[in-house]
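[1] Turn this into a model:
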Amino acid sequence: MRVHLVDDLTKAQIDEAVQVIVTTFCNDDGEIEELVMKCFTGNDPENLKLYARAMVQDANLMGHVFIATEGELWPAPIISIGLCWEPGKFLWATKEQRELGFDELFAAISPDTRKFWAEVKNVGDQLKAEHGLSSMPLDTFYVNMMLTARISQKRGYGKAVMMAIIAYAAEDGRKWDVGLITQSAENRDWYVSLGFEEAGSMEVAAAPYGDFIPI
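    All right, here's what the predicted structure looks like:
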């Protein structure tokens with residue numbers, strides 16, 4: 001097992017990363033299983049593909065891509081992936097970034113789905129304000145996505161990626177905090193086991209796909 005910090009994904013590698021993300025969030029029949037992804041995409045697998053591609057392409061341009069493989073060499077099949085943005089850089093923040101797939105995604109989702117996006121942003125802003133984290137975008141190495149292919153979960157790949165992210169944030173005098181938002185108690189407990197501290201939590205209504213999502 002090895003974690004690679006990949007500087008420039010090829011088109012084929014972007015396609016592979018998108019496929020890993022989509023299949024991880026879906027069941028064997030191609031239906032979205034994760035409640036939060038149902039809400040972010042309107043429960044449409046095609047929108048999930050757009051979501052994954054927009055995020056991977058943005059990370060490839062403006063962020064940092066951490067990939068775990070089974071062996072030591074890269075390129076190799078992607079098993080686990082972490083997409084991070086350094087302090088002062090944000091996902092889909094500029095016109096150039098949004099043209100890498102976000103504009104297409106946002107045009108495809110419904111008005112109700114867009115309202116969910118807005119509510120998540122409002123809740124995130126409220127959490128930051130209530131817990132003194134308003135400067136978080138400017139001083140935090142932010143993890144917008146971290147996942148492991150379903151067939152390889154619970155084998156240490158995700159932990160290896162997160163440890164590599166934490167190590168990178170501390171190297172060469174950076175001393176960045178690492179932060180993220182997660183949407184389940186199980187994920188929260190996993191991040192706590194890696195040394196993260198929970199700063200706060202709130203709930204976002206998940207209708208019509210469920211009751212609520214913890215943020």
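
[2] And the lowest mean pLDDT element among the helices and strands of this structure?
    Least confident element among the helices and strands of the chain, by mean pLDDT, DSSP states H and E: helix 136-139 (a mean of 85).

[3] And it, how far out from the chain middle?
    With CA atoms, centre = their mean, to the nearest Å as the basis, helix 136-139 stands 17 Å off its chain's centre.

[4] Can you show me the strands along the chain?
    In the chain, the segments counted as strands under DSSP state E are 2-6, 64-69, 80-85, 140-148, 177-179, 203-205, 212-214.

[5] Run the angle between the third one and strand 140-148 for me.
    It refers to strand 80-85. Per axes from the mean of the first three to the mean of the last three CA atoms, to 10 degrees, the angle that strand 80-85 makes with strand 140-148 is 160 degrees.

[6] hmm, back to that, just the strands of the chain: most buried one?
    Sort these by mean neighbour count, taking mean count of other CB atoms under 10 Å, and strand 80-85 sits at the top with a mean of 25. For every residue, glycine as well, the C-beta is placed using N, CA and C.

[7] chain center to that strand: distance?
    With CA atoms, centre = their mean as the basis, strand 80-85 stands 7 Å off its chain's centre.

[8] in the chain, which helix has the most residues?
    helix 111-130 (DSSP state H).

[9] pLDDT wise, what is the residue nearest to the spatial centre of the chain at?
    Centroid check for the chain by CA atoms, centre = their mean gives residue 145 as the closest residue, at 1.4 Å. Note for residue 145: predicted pLDDT of 98.

[10] OK, contacts around it?
    Counting by CB atoms under 8 Å, 6 or more residues apart in numbering, residue 145 makes contact with 21, 55, 59, 81, 82, 83.
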